[in-house]
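1. quick one: sequence plus predicted model below, questions after.
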Amino acid sequence: MFSSRTPLDLRPNRLARAVEEVRRSGRTLIDLTESNPTRAGFAYAEDLLAPLSDPAALLYEPSPFGRDEARRAVAREYGRRGLSVDADRIVLTASTSEAYAILFKLLADADDEVLTPRPSYPLFDHLARLDLVRAVPYDLEYHGRWCVDVASLARAATSRTRAILLVSPNNPTGSFVAAADLDRVCRLAAASGAAVINDEVFADYELDAAGQPHGETVGRSDVLTFSLGGLSKSAGLPQAKLAWIAVSGPDGVVAETLSRLEVICDTYLSVSTPVQVAAPALLARGAEIRDQILARVRANYRCLVDRATDRSGCRVLAADAGWYAVVQVPTFESEEDLVVDLAVSNGVLAHPGYFFDFPRESFLVLSLLPEPSRFRAAVDRVIGRFEAPRTRTR
């Protein structure tokens with residue numbers, strides 16, 4: 001009855017079952033997988049969403065790429081980051097997930113391929129399958145900092161490759177794509193006749209105030225690129241459901257791209273009028289939440305680095321930006337056993353590395369969003385597991 005685009009097995013995994021049992025028993029869990037800023041104790045102004053009730057939203061004037069004033073507001077957002085993009089090259093979507101779906105429809109036929117980074121958030125496999133596209137992984141390497149394994153990328157590319165996906169900064173590694181790596185990726189894409197899709201949703205959250213130099217896809221003229229952003233991360237408003245695509249590349253290719261995108265977007269018209277009317281105000285006031293999130297993730301990251309002492313054998317992998325940190329821990333058990341026991345015995349919920357396709361064990365991925373006191377308490381429990389004497393079984 002059902003298509004193969006949805007998973008065959010919908011049963012909860014072992015960790016999900018363990019978490020459900022802990023919560024059913026009334027025990028408290030500190031959630032270090034939290035990705036929703038609206039549940040993380042930030043101070044949202046009571047009138048922040050008031051612009052959604054603007055009477056101008058009562059008039060429905062559909063536009064495939066979105067209202068002009070909203071697109072201009074997004075262009076100003078890029079200007080805030082020192083980047084220049086014409087509002088005519090911005091396409092509004094309801095989410096970055098929808099942006100990927102639109103771009104897969106634009107670029108690929110059934111069984112065509114998109115190259116996806118590994119490790120990375122496991123959303124791409126689902127999105128690709130829903131559009132009958134194959135997600136083919138390429139590797140990121142860690143040598144004190146993360147970088148693109150360009151040789152792995154070249155091996156993954158075939159005549160059916162339609163796009164190379166970048167996530168900069170990456171989720172969960174927190175790594176920006178370096179300028180030199182981006183140039184190599186773009187050269188490979190141009191030679192393969194593929195586009196580059198760059199997910200930049202965490203770009204505002206640099207963990208070091210000095211920042212790391214990195215490459216930018218906005219404004220490139222050598223290859224067709226799509227840069228993705230949205231209110232969910234840049235303004236801490238996942239419920240507002242507004243994201244965008246900025247199109248760059250050779251002028252002629254961009255013109256044809258926009259013409260084809262117009263057909264797709266006009267078919268769905270998915271972005272609500274109220275959020276488009278509110279977009280200029282929401283983007284302008286997004287700094288209120290963004291500054292809070294930035295201060296917290298930086299403080300929690302410093303706390304984690306300070307706490308992961310040599311005595312524990314735990315190592316925090318260097319990250320440039322984002323809401324997550326990766327901790328390499330000693331291997332006394334499988335990652336699955338570790339995260340289940342952390343939940344059951346220590347009251348801490350963490351992501352295992354295998355969830356993000358890390359190539360080997362043992363890694364934990366921790367959200368930096370929780371309130372500092374809870375984060376510190378959870379980190380103490382995690383690191384403390386490895387500082388205490390342990391009896392290893394043979």
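-> Sure, I can see it.
2. all strands for this structure, in order.
-> 30-31, 90-93, 113-118, 134-142, 146-148, 161-167, 195-199, 225-230, 243-248, 315-316, 324-328, 348-349, 351-352, 363-367 (DSSP state E).
3. any chance of those in a markdown table, plus mean neighbour count?
-> C-betas here are computed from N, CA, C, even on glycine. Below are those laid out as a markdown table (neighbours: other Cβ atoms under 10 Å):
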| stretch | mean neighbour count |
| --- | --- |
| strand 30-31 | 20 |
| strand 90-93 | 25 |
| strand 113-118 | 25 |
| strand 134-142 | 19 |
| strand 146-148 | 22 |
| strand 161-167 | 25 |
| strand 195-199 | 26 |
| strand 225-230 | 27 |
| strand 243-248 | 26 |
| strand 315-316 | 16 |
| strand 324-328 | 24 |
| strand 348-349 | 24 |
| strand 351-352 | 22 |
| strand 363-367 | 24 |
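4. okay if I get those as JSON lines plus mean pLDDT and distance to residue 378?
-> Below are the strands of the chain laid out as JSON lines (pLDDT from 0 to 100; distance: least, Cβ to Cβ, whole Å):
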{"stretch": "strand 30-31", "mean pLDDT": "97", "distance to residue 378": "4"}
{"stretch": "strand 90-93", "mean pLDDT": "98", "distance to residue 378": "35"}
{"stretch": "strand 113-118", "mean pLDDT": "98", "distance to residue 378": "27"}
{"stretch": "strand 134-142", "mean pLDDT": "97", "distance to residue 378": "24"}
{"stretch": "strand 146-148", "mean pLDDT": "96", "distance to residue 378": "24"}
{"stretch": "strand 161-167", "mean pLDDT": "98", "distance to residue 378": "25"}
{"stretch": "strand 195-199", "mean pLDDT": "98", "distance to residue 378": "27"}
{"stretch": "strand 225-230", "mean pLDDT": "98", "distance to residue 378": "28"}
{"stretch": "strand 243-248", "mean pLDDT": "98", "distance to residue 378": "30"}
{"stretch": "strand 315-316", "mean pLDDT": "96", "distance to residue 378": "14"}
{"stretch": "strand 324-328", "mean pLDDT": "98", "distance to residue 378": "12"}
{"stretch": "strand 348-349", "mean pLDDT": "98", "distance to residue 378": "5"}
{"stretch": "strand 351-352", "mean pLDDT": "97", "distance to residue 378": "13"}
{"stretch": "strand 363-367", "mean pLDDT": "98", "distance to residue 378": "8"}
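5. would you turn those strands into JSON lines with distance to residue 210?
-> Converted to JSON lines, the strands of the chain look like this (distance: least, Cβ to Cβ, whole Å):
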{"stretch": "strand 30-31", "distance to residue 210": "30"}
{"stretch": "strand 90-93", "distance to residue 210": "30"}
{"stretch": "strand 113-118", "distance to residue 210": "25"}
{"stretch": "strand 134-142", "distance to residue 210": "21"}
{"stretch": "strand 146-148", "distance to residue 210": "18"}
{"stretch": "strand 161-167", "distance to residue 210": "22"}
{"stretch": "strand 195-199", "distance to residue 210": "23"}
{"stretch": "strand 225-230", "distance to residue 210": "23"}
{"stretch": "strand 243-248", "distance to residue 210": "26"}
{"stretch": "strand 315-316", "distance to residue 210": "18"}
{"stretch": "strand 324-328", "distance to residue 210": "18"}
{"stretch": "strand 348-349", "distance to residue 210": "31"}
{"stretch": "strand 351-352", "distance to residue 210": "28"}
{"stretch": "strand 363-367", "distance to residue 210": "23"}
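6. for these, which one sits closest to residue 105?
-> strand 161-167 (11.0 Å; Cβ to Cβ).
7. quick one: that closest one to strand 225-230, angle?
-> 40 degrees (axes from the mean of the first three to the mean of the last three Cα atoms, to 10 degrees).
8. related to what we said a few turns ago, among the strands of the chain, which comes closest to residue 24?
-> strand 348-349 (14.4 Å).
9. returning to what we had before: ok, which of the strands of the chain comes nearest residue 57?
-> Closest among the strands of the chain, using Cβ to Cβ: strand 90-93, at 14.4 Å.
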